[in-house]
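Colleague: I would like to see how this sequence folds:
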Amino acid sequence: MGTGDDRARVSIPVETLGVAADAPLAEVAAGLLRQQQATWELLRTNVAGLANIRTRQFRFGGYHVRVQFNPGRLTSSAARVDERSVRERKCFLCLPHLPSEQRGVLYAGRFMLLCNPYPIFPEHFTIPHVEHVPQRIAGELGAFIALARDLAPRYSVFYNGPRCGASAPDHLHFQAGTRQFMPIEGQYARLRAAEGKVVRTDGTAQVIAIEGGGRRLVAFEGTDAGDVERVVAEYCTVLQGITEDVEEAMMNLIAWYEGGSWVVLLFPRAKHRPSFYFAEGDERLLISPAAVDLGGVSITPVEADFRKVTHEHLATMYQEVQLSRAEFHESIERR
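Modeller: Next up is the predicted model:
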């Protein structure tokens, strides 16, 4: 929960960030990152550590994904997100519980733009709601779409469902990171052309079903925010009806805004974690896929896992956590 006093304590005046008061949000975010690196040792150390991150690359047809060894992400990958564990810990996204050094910028009157102290991206932000409300995108999809526009062209935004990689399933939050860091962003145009099928047009918005690069996803494109919000929301309702999820349809979202148009990628999910996550001994791999993993950067916080992961592991992960092919086609064919 965040009171007015909490917001005042955490919020930092834009003018102190070395940018104009009316600067675009992307410039404000970059200024916030500079300020926080200068004043917050944990963030400074972890951002600097990204220079030593190791990666491996794997091919999926004509597309590629990267595996990243990032020990700073161990807490997130191993997070206990069962109801009891979440209930018994303090919410680390509530304003009163933020580190004393952490500062942010209020967005849209109800979100706080914060630097992520355990980054995956060179520039990585978490944008939690100022109130402790559950991780549900219903009712805030418009804010997510607006955020993609407001953080363009420097950043893309993403959302992990409460059972699809969100380490705080009890507190609504979005994330943002350096544009084009996820391979799928650079590969999207080719994926769309080679593997995409337009299944619906509504106003300025198009809905495109894509099966390629080892994954199944639905892309939404449009030049009008209202059109994009409507078709995404309608698909989410259909998806929830098929999977019979009580909270919300299991999914991850990635979005960006470019050339006056939005692209929103939705990855329908069937499971939170693959079977090898729960295996014993040497068979276990601590990979807990969320939006970034489905975007083509799979995070391994344990060095031994980074060394032993194979193409087969990644293919198994995609196959197990995503919606089945039959359900995927049902979701795009149902109106």
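Colleague: got a list of what the closest residue to residue 262 other than its chain neighbours touches?
Modeller: With C-beta to C-beta, 6 or more residues apart in numbering as the criterion, residue 262 has its nearest non-adjacent residue at 5.0 Å, and that residue is residue 228. All C-beta atoms are positioned from the backbone trio N, CA, C, and that covers glycine. By C-beta atoms under 8 Å, 6 or more residues apart in numbering, residue 228 lies in contact with 145, 204, 205, 220, 221, 222, 262, 264.
Colleague: go on, residue 39?
Modeller: 101, 103.
Colleague: if I look at it, how far off is residue 21?
Modeller: As for residue 39, its distance to residue 21 is 21 Å (criterion: C-beta to C-beta, to the nearest Å).
Colleague: try residue 220
Modeller: Using C-beta to C-beta, we find residue 220 at a distance of 33 Å from residue 21.
Colleague: what does residue 208 give?
Modeller: Per C-beta to C-beta, residue 208 is found 39 Å from residue 21.
Colleague: Between the two, which has more neighbouring residues?
Modeller: Taking other C-beta atoms under 10 Å, residue 208 and residue 21 do not tie; residue 208 has more neighbours (20 against 9).
Colleague: Give the buried residues for the helix or strand hosting the more buried one.
Modeller: In the assignment (DSSP states H and E), residue 208 maps to strand 205-212. Residues of strand 205-212 classed as buried: 205, 206, 207, 208, 209, 210, 212 (neighbour count, 16 or more other C-beta atoms under 10 Å).
Colleague: mind putting the residues you listed in JSON lines, distance to residue 123 and pLDDT included?
Modeller: Converted to JSON lines, the buried residues of strand 205-212 look like this (distance: C-beta to C-beta, whole Å; pLDDT from 0 to 100):
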{"residue": "205", "distance to residue 123": "29", "pLDDT": "97"}
{"residue": "206", "distance to residue 123": "30", "pLDDT": "97"}
{"residue": "207", "distance to residue 123": "30", "pLDDT": "97"}
{"residue": "208", "distance to residue 123": "28", "pLDDT": "98"}
{"residue": "209", "distance to residue 123": "32", "pLDDT": "97"}
{"residue": "210", "distance to residue 123": "27", "pLDDT": "97"}
{"residue": "212", "distance to residue 123": "28", "pLDDT": "93"}
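Colleague: Report back the residue of the protein that's furthest from centre.
Modeller: Most distant from the centre of the chain: residue 281, at 29.8 Å, with distances by C-alpha atoms, centre = their mean.
Colleague: Got the phi and psi for that one?
Modeller: Backbone geometry at residue 281, expressed as degrees, to the nearest 10, gives phi 60, psi -140.
Colleague: And it, how close does it get to residue 304?
Modeller: Distance of residue 281 to residue 304, given as C-beta to C-beta: 11 Å.
Colleague: what's the answer for residue 224, then?
Modeller: Applying C-beta to C-beta, the value for residue 224 to residue 304 is 49 Å.
Colleague: May I ask you to name the longest helix in this structure?
Modeller: helix 225-243 (DSSP state H).
Colleague: Show me which parts of that one are buried, residue by residue.
Modeller: Buried-residue list, helix 225-243, by 16+ other C-beta under 10 Å: 225, 227-232, 235-236, 238-240, 243.
Colleague: just stretch 34-54 next, same as before
Modeller: Residues 35, 36, 37, 40, 43, 46, 47, 50 are the ones in stretch 34-54 that count as buried (16+ other C-beta under 10 Å).
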